[in-house]
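Chemist: Sequence and predicted structure below; questions after.
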Amino acid sequence: MTQMAQANDQRKKQALHTPIVGPDYGSKWLADFREAAVNLFNRIGYPKADDEQWRFINLSPITQTAFQPVVEPGAVPPAELARFSLADRGFYELVFVDGLFSPALSSSRGLVGLIEFHNFKDAVGGHSERIGRYLGHELPTISNGFAALNAAGFADGMFLYLPAGVAVDKPIHILWITTAHRRPVVVFPRLLINACSQSQATVMQTFASLNSDHPVLTNAATEVISGRDSQLELIAVEREAPQAFHITNQAIHVHAGANVQTLAFNSGALLVRNNLNVHLAEPFAQATINGLTISSGNQRVDNHTTLDHASENCPSHELYKTLLAGSAAGVFRGKILVRPDAQKTDSKQTSKTMLLSDQAVMNSQPQLEIYANDVKCTHGSTTGPIDDEQLFYLQSRGVSEVQARSLLTYAFAGDVLNRVLNPAAREYLSQLTSDCLHQLHIDAVGS
Amino acid sequence: MALLEVKNLHAKVLGREILKGVDLTINPGEVHAIMGPNGSGKSTLASVLAGRENYEVTDGTALFNGKDILDLSPDERACEGLFLAFQYPVEIPGVSTSYFLKAAVNAIRKYRGEPELDAMDFLKLIKEKMKLLEMDQSFMNRSINEGFSGGEKKRNEIFQMTVLDPQLCILDETDSGLDIDALKIVSQGVNALRNSTRGILLVTHYQRLLNYIVPDFVHVLRDGKIIKSGDKSLALELEAKGYGWLENAA
């Protein structure tokens, strides 16, 4: 290699590892926030291959691709918007295109006056200051390179402020949609929720990307503060394009008596990594965290969760279900951390996987760290194929193999769907699951 | 034409030959009982006819209404009009009985070129049949066999059979695990299905069931072959003398 080639190579490497820095919109706190994130990334970099938390995932397709930020948001064809929009299903809807808020595509009538919502880019004065006060408070608990890159690079984001005692009448849908570009692009969706005491809401995020010849990297971050006795249902639906990479970091701080329920639904993208950290900070805080993954082909889906019991008398439930077809590979790693003060913790973790082909693989690992002595923690994990006897039973009554497989896989997914609290969300997710599974079985039988 | 004509049927399970040349003809309207000691191949015969996986037919034929069914999938056999009532009905959590049964009814109707039933017609059909088997309405909303007692599971099998209206009913050890009251209800359900066009094949270890469902023919299966056939009196003779009696006779 000549000196010049070496220098070029060096520059390229450097470019790949230089964080993208988003605009500060003239606000001092944001400039400082970005700078701290850049410094953090420069110190820690991308997760290393020998990092125990990341060893099942090959990040090189991400770290070796020169993803560019979107300069000008693209157009969303109406038919594509309709595929992902839930406005007709009775949701409030806030749409972001290529990372930037699009008031024109959003349907927020009725939400104004009920709660406060501000996109970061257009928030000014006191609103901006308030965002600055909360942003990044929760997420350092999962300090990893991707969270730092999101903090340095987000172009826009959404802040939801639920005033005390407000129950939002309809679910709120935040749709992040990435359009097709002529080069690999990265977007940094960011959501911040501050739910004051006794407020109630269902918030669903959809991460969607339109089919493109070039990969998309979605590097998302969500921070939630669930105030005293509040009730939040937080749903993340990943419906990315087949070439997409999808990395999320989500941190939730649960105050006394608050009840938080989450669902991570994954059906798209080539590679998915979800990090979820729930901090049960005060007595009687509750969390129910659920996951449903439907993967096929060469998809890789990696769900990492931490239930951090930091206070006494907190119950937590976790149910992650994974359906893998083709050569798909899944990882579930669920950590339950019970700190010394968290007496009377009651935590139950379940991970179940159905393998629909001989090539599909699952790696499921519970991880219990318990430092208190009066606690109840259980965990269970099962992985197996469709039950042949059940399949034969259904077929022996005349039901075709495709339909029988659909019924059995849907039943497998069913107990996660049944846990969804909001009826409109449950109905939508049930339909989505049913569609995904049907496609999966048609592909399997056809091949 | 015979409803079912089995000739020289040989079958292996996990490499071991279980059926070693079974011949059996069932005509429309007939009730046949196959009896035999444990391990004689009774349940294997039922499973092979219904198309259970891992049962390898190595020789012989099975014609159903003149059509070779051995190459058909289990669902195609069901659509042709064959029904197997399981010895151990499997529990399927998360799949409601009503949803499943409606899918089954309509799959069969579609196969026969009949219009599918809508929700109303389906409900009417099942209500009528439930009455016959003294079943509670709530059962339709429960997951298939989930948490059912042994008796409830068997009753559910017969209920499904009456709803699907098959031409040939194969009942695999339906009497096992039933108390006398459940046995009566189940038998009543089966007897109600007897008519001049339907065939019934009862696979049983004990004569007791045959007091309630009286067969036209009784066959004794031993070591994968039918070694003796007769009328219902054969069953009584077996009950009195045991299978050892035939072993000496054979």
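Modeler: Noted; the coordinates are in hand.
Chemist: my read: residue A:17 touches residue A:38, true?
Modeler: No. The criterion here is CB atoms under 8 Å, and residue A:17 misses it with residue A:38 at 11.5 Å. Just so you know, the C-beta spots here come from the backbone N, C-alpha and C atoms, and that holds for glycine as well.
Chemist: And the helices in the chain, which stretches?
Modeler: No chain was given, so I picked chain A. Secondary structure of chain A by DSSP state H: the helices cover A:3-16, A:28-44, A:60-63, A:78-84, A:125-134, A:145-153, A:388-395, A:401-417, A:423-446.
Chemist: Chain B, not that one
Modeler: Counting by DSSP H, the helices of chain B are B:42-50, B:74-80, B:97-111, B:119-132, B:150-164, B:180-193, B:209-212, B:232-241, B:244-249.
Chemist: Averaged pLDDT, the third one. What do you get?
Modeler: Per-residue pLDDT values over helix B:97-111 give a mean of 95.
Chemist: and the angle for that helix with helix B:119-132?
Modeler: Per axes from the mean of the first three to the mean of the last three CA atoms, to 10 degrees, the angle that helix B:97-111 makes with helix B:119-132 is 110 degrees.
Chemist: where does the chain have low pLDDT?
Modeler: Going with chain A. Residue ranges of chain A with pLDDT under 70: A:1-2, A:10-15, A:141-142, A:445-447.
Chemist: I was thinking of chain B, sorry if that wasn't clear
Modeler: Looking at chain B by pLDDT under 70, you get B:247-250.
Chemist: Flag every residue of it that's near chain A.
Modeler: Counting by CB under 8 Å from any CB of the partner chain, the residues of chain B close to chain A are B:50-53, B:73-75, B:77-79, B:83-84, B:86, B:89-90, B:92-95, B:99-101, B:103-105, B:107-108, B:111, B:143-144, B:160, B:164.
Chemist: What's the ChimeraX line that selects buried ones from those residues?
Modeler: A single ChimeraX command selects the buried members of those (16 or more other CB atoms under 10 Å in any protein chain shown):
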select /B:50,51,52,74,75,77,78,79,83,84,86,89,90,92,94,95,99,100,101,103,104,105,107,108,111,143,144,160,164
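Chemist: The residue of chain B found nearest chain A - nearest residue in space that isn't next to it in sequence?
Modeler: When you check chain B against chain A by CB to the nearest CB, the closest residue turns out to be residue B:94, at 2.9 Å. Leaving aside its sequence neighbours, residue B:94 sits nearest to residue A:411 (CB to CB, 6 or more residues apart in numbering or on different chains; 2.9 Å).
Chemist: contacting residues for that neighbour?
Modeler: Applying CB atoms under 8 Å, 6 or more residues apart in numbering or on different chains to residue A:411 gives the contacts B:92-95, B:143.
Chemist: Would you mind checking which of those residues is nearest to residue A:80?
Modeler: Proximity of those to residue A:80 was ranked by CB to CB; the top entry is residue B:94 with 33.0 Å.
Chemist: wouldn't the closest one be in contact with residue A:417 here?
Modeler: No. Under the criterion of CB under 8 Å, residue B:94 is not in contact with residue A:417, lying 9.8 Å apart.
Chemist: Tell me the bridge partners for residue A:231.
Modeler: Taking DSSP bridges, one finds residue A:200, residue A:259 as the beta-bridge partners of residue A:231.
Chemist: which residues does it contact?
Modeler: So residue A:231 contacts A:199-201, A:258-260 (CB under 8 Å, 6+ apart).
Chemist: Most neighbours of all the residues you listed, which one?
Modeler: Using other CB atoms under 10 Å in any protein chain shown as the neighbour test, the contacts of residue A:231 are led by residue A:258, with 27 neighbours.
Chemist: Can you report phi and psi for it?
Modeler: With angles defined as degrees, to the nearest 10, residue A:258 sits at phi -80, psi 150.
Chemist: from memory it sits against residue A:225, does it?
Modeler: No. Contact criterion CB under 8 Å: residue A:258 and residue A:225 do not qualify, at 9.4 Å.
Chemist: Can you pull the residues that touch both of these two?
Modeler: With CB under 8 Å, 6+ apart as the test, residue A:258 and residue A:225 both reach residue A:195.
Chemist: Please name the residues that touch residue A:246.
Modeler: Contacts of residue A:246 by CB under 8 Å, 6+ apart are A:207, A:217-218, A:220, A:238, A:240, A:266, A:268-269, A:271-273.
Chemist: Tell me the one of the residues you listed nearest residue B:22?
Modeler: Nearest to residue B:22 among the contacts of residue A:246 is residue A:266, at 50.8 Å by CB to CB.
Chemist: from the stretch 1-150 of chain A, which residue is nearest to chain B?
Modeler: residue A:89 (22.9 Å).
Chemist: OK, contacts around that residue?
Modeler: A:424, A:427-428.
Chemist: For residue A:17 and residue A:38, indicate the residue with more neighbours.
Modeler: Neighbour totals were compared for residue A:17 and residue A:38, and residue A:38 leads with 19 against 13 (other CB under 10 Å).
Chemist: So that one is in contact with residue A:153, correct?
Modeler: No. Assessed by CB under 8 Å, residue A:38 is found out of contact with residue A:153, at 9.3 Å.
Chemist: where do the contact lists of the two overlap?
Modeler: By CB under 8 Å, 6+ apart, residue A:38 and residue A:153 have these common neighbours: A:19, A:21.
Chemist: How about the residue in the stretch 101-250 of chain A that chain B sits nearest to: what's its closest non-neighbour residue?
Modeler: Proximity of the stretch 101-250 of chain A to chain B (CB to the nearest CB) peaks at residue A:235, 20.7 Å away. Nearest non-adjacent residue to residue A:235, counting by CB to CB, 6+ apart: residue A:204, 4.1 Å away.
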